[in-house]
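Chemist: With the sequence up front, the predicted model follows.
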Amino acid sequence: MNDKRYIPFRVKNLELGSGISKICVPLVVRREEEIAGQIAQIRQVPCDLVEWRVDFLEDCCSWEKVYKALEQIRDRLKDKVLLFTFRTKPEGGESEITPEAYANLCLAAAGSGLVDLVDVEYHLGEAFVRDLTVKLREKKAGVIGSCHDFKKTPARDEIVDIMCRMQRLGVDITKMAVMPQSRDDVVTLLQASVDMEERCADRPFITMSMGRLGALSRLAGSLTGSALTFATAGRASAPGQMNAEGIRQTLELLG
């Protein structure tokens with residue numbers, strides 16, 4: 001891989017954007033009583049951070065319910081880096097939410113001091129993302145700007161353009177996930193990632209081609225520069241995620 005053109009993003013004892021791709025495992029629970037069992041599974045696999053998919057939780061728009069669950073998650077994860085993600089319906093999520101409620105929930109989570117990173121969706125609009133990012137960073141939370149296309153893989157230049165736009169909004173890390181319809185689409189995503197790494201990235205980024213067809217992209221960080229890959233410790237949160245143990249072995253082999 002080429003020398004980085006940016007400084008890695010540090011959160012706790014973890015550096016995103018240096019060394020091999022880091023592994024993020026999703027925490028996917030419907031009810032609070034499922035948390036202990038899920039985290040016990042997560043602690044058995046190699047992972048660098050955990051993404052709590054809040055939109056799967058019953059009553060996920062109630063801060064009281066979310067906070068109660070979040071306290072237990074933080075206590076059980078100890079010092080593990082925690083990414084707070086409410087994936088909206090248009091981006092493949094489980095629950096409906098208004099933009100105002102989404103922003104308030106993200107800010108409340110950041111303000112609690114219990115989360116380290118917050119995912120902010122690009123589709124909500126550039127002004128929205130810029131404003132929310134400023135507020136989240138004031139609360140000392142890192143921000144991942146994310147964009148998902150579950151129908152297709154955009155053109156190579158379009159993928160790069162979207163990620164560059166997210167950089168300009170001030171997020172700490174950019175993320176682009178696309179759906180392939182052919183092998184050529186997977187190659188397009190990989191090529192766009194290399195373009196990003198070599199020409200445009202001024203901060204860490206994450207890219208992936210979803211589904212079984214795109215599985216190779218989740219292992220290709222040493223080639224493409226993608227700082228993070230998502231793997232499972234039980235239930236997957238997106239199509240194409242593979243077991244964390246196998247992912248770690250492959251990443252270390254590819255180096």
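Modeler: Right, received. Where do you want to start? Residues are numbered from 1 along each chain as shown.

Chemist: Enumerate every residue touching the nearest residue to Pro99 once chain neighbours are set aside.
Modeler: Closest residue to Pro99 apart from its sequence neighbours, by Cβ to Cβ, 6 or more residues apart in numbering: Leu124 at 5.7 Å. C-beta here means a position set from N, CA and C on the backbone, and glycine is covered the same way. Counting by Cβ atoms under 8 Å, 6 or more residues apart in numbering, Leu124 touches Thr88, Pro99, Tyr102.

Chemist: The second one reaches Phe128, doesn't it?
Modeler: Yes - in this structure, Pro99 sits in contact with Phe128. The criterion is Cβ atoms under 8 Å, and the distance is 6.3 Å.

Chemist: So if I had to pick from the two, which one is more boxed in?
Modeler: Phe128 (18 against 13; other Cβ atoms under 10 Å).

Chemist: Helix, strand, or coil at the more buried one?
Modeler: helix (DSSP: H, G, I helix; E, B strand; the rest coil).

Chemist: Also Arg10?
Modeler: Criterion first, three-state DSSP; result for Arg10: strand.

Chemist: same deal with Glu64?
Modeler: From three-state DSSP, the assignment for Glu64 is helix.

Chemist: Number of residues surrounding it?
Modeler: For Glu64, using other Cβ under 10 Å, the count is 8.

Chemist: quick one: pLDDT of it?
Modeler: On the pLDDT scale, Glu64 is placed at 96.

Chemist: Ok, the one 4 residues further on next?
Modeler: Lys68 carries a pLDDT value of 97.

Chemist: Quick one: residues contacting it.
Modeler: Glu32.

Chemist: Repeat that for Ile206.
Modeler: Ile144, Ile173, Thr174, Lys175, Met176, Ser226, Ala227, Leu228, Thr229.

Chemist: So which of the residues you listed is the closest to Glu198?
Modeler: Proximity of these to Glu198 (Cβ to Cβ) peaks at Ser226, which lies at 13.2 Å.

Chemist: count of neighbours near the closest one?
Modeler: Ser226 - counted by other Cβ under 10 Å - has 27 other residues nearby.

Chemist: ok, which stretches of the chain are helices?
Modeler: Shown for the chain, the helices assigned by DSSP state H span residues 35-42, 63-77, 99-112, 126-138, 156-168, 183-195, 221-224, 244-254.

Chemist: how close does Arg43 sit to Ala233?
Modeler: According to Cβ to Cβ, to the nearest Å, Arg43 and Ala233 sit 8 Å apart.
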